[in-house]
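Participant: Mind folding the following:
(2 chains)
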Amino acid sequence: SAVISQKPSRDICQRGTSLTIQCQVDSQVTMMFWYRQQPGQSLTLIATANQGSEATYESGFVIDKFPISRPNLTFSTLTVSNMSPEDSSIYLCSVGQGAHEQYFGPGTRLTVT
Amino acid sequence: GENVEQHPSTLSVQEGDSAVIKCTYSDSASNYFPWYKQELGKGPQLIIDIRSNVGEKKDQRIAVTLNKTAKHFSLHITETQPEDSAVYFCAALKQAGTALIFGKGTTLSVSS
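Facilitator: Numbers count the residues shown, from 1 in each chain, chains lettered A, B, ... in the order given. Model (predicted):
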């Protein structure tokens, strides 16, 4: 399986600001995904990061709030924009050669005050 | 829409006992079912998966069974150990094959 790193591992941010989370994988992968996991909850897919094109967002998530970049096959960023306390969550990236066999990074723990 | 139900939400067992977690899915076209283990402060770890052309799969102390007719699948852990304590998530691949739908998770506690 791939080795996946995320930066930052955690952050505390003020409402109204934005945070960009980075996801780096040690090998080229076809698919990269971004999930949100609210405290004590399950994983909810935010979007699929597509290399060379716009991300594909799930219902309830929009590009203006969660812009995503994927400049190459090993790297992606997720920005959480104009944050509110409701955005306090763990943000996880995952990778796979398809939507099968997804491997997750360690997560970014975000607290918005 | 597509949905995955997971039970129980919490499970406490004694070391050495078996643990079983069950999931049901709504989309009959789903054909891939992974299980993830998430330890505190870590990302989910893929521990076993099964595809719809197989009824059972084993890997040492863990096994997964799939009943396509009833649209449910289960995780079985035998000879549980304290290090098995974690949150376990089941998932099913959406019909379009583009994303996983996760269950709500089961917190397993193994006491020694």
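
Participant: C-alpha only now, for contacts and for neighbours.
Facilitator: Will do.

Participant: list the contacts for the residue in chain B that chain A sits nearest to?
Facilitator: Per C-alpha to the nearest C-alpha, residue B:43 is where chain B lies closest to chain A, at 4.3 Å. When contacts are counted by C-alpha atoms under 8 Å, 6 or more residues apart in numbering or on different chains, residue B:43 touches A:92, A:104-107.

Participant: can you count the residues close to the closest residue to it other than its chain neighbours?
Facilitator: Leaving aside its chain neighbours, residue B:43 sits nearest to residue A:106 (4.3 Å; criterion: C-alpha to C-alpha, 6 or more residues apart in numbering or on different chains). For residue A:106, the neighbour count with other C-alpha atoms under 10 Å in any protein chain shown is 22.

Participant: now do residue A:12
Facilitator: 12.

Participant: buried ones in the strand or helix carrying it?
Facilitator: If you go by DSSP states H and E, residue A:12 is part of strand A:10-13. For strand A:10-13, the neighbour count (16 or more other C-alpha atoms under 10 Å in any protein chain shown) marks residue A:13 as buried.

Participant: ok now that strand, how far from the chain's centre?
Facilitator: How far strand A:10-13 lies from its chain's middle: 15 Å, per C-alpha atoms, centre = their mean, to the nearest Å.

Participant: Mind giving me the packing neighbours of it?
Facilitator: In terms of contact count using 3 or more C-alpha pairs under 8 Å, 6 or more residues apart in numbering or on different chains; DSSP states H and E, strand A:10-13 is assigned the packing partners strand A:108-112.

Participant: pLDDT score for residue 68?
Facilitator: By default, I'm working from chain A. Looking at residue A:68, its pLDDT stands at 97.

Participant: let's do chain B instead
Facilitator: Residue B:68 carries a pLDDT score of 93 in this model.

Participant: what's the neighbour count on it?
Facilitator: Using other C-alpha under 10 Å: residue B:68 sits among 18 other residues.

Participant: neighbours around residue B:50, how many?
Facilitator: By other C-alpha under 10 Å, 21 other residues sit near residue B:50.

Participant: Does it touch residue B:58 like I think?
Facilitator: No: here residue B:50 lies out of contact with residue B:58, judged by C-alpha atoms under 8 Å, at a distance of 9.6 Å.

Participant: measure the closest residue in space to residue A:68 that isn't next to it in sequence to chain B for me?
Facilitator: Computed as C-alpha to C-alpha, 6+ apart, the closest residue to residue A:68 that is not its neighbour in sequence is residue A:78, at 4.7 Å. According to C-alpha to the nearest C-alpha, to the nearest Å, residue A:78 stands 17 Å off from chain B.

Participant: Bridged to residue A:78, which residues?
Facilitator: residue A:21, residue A:68 (DSSP bridges).

Participant: That one and residue A:6, how far apart?
Facilitator: In this view, residue A:78 and residue A:6 are 11 Å apart by C-alpha to C-alpha, to the nearest Å.

Participant: what residues are shared contacts of the two?
Facilitator: Contacts common to residue A:78 and residue A:6, judged by C-alpha under 8 Å, 6+ apart, are A:21-22.

Participant: who's more crowded, the two?
Facilitator: Neighbour totals were compared for residue A:78 and residue A:6, and residue A:78 leads with 25 against 22 (other C-alpha under 10 Å).
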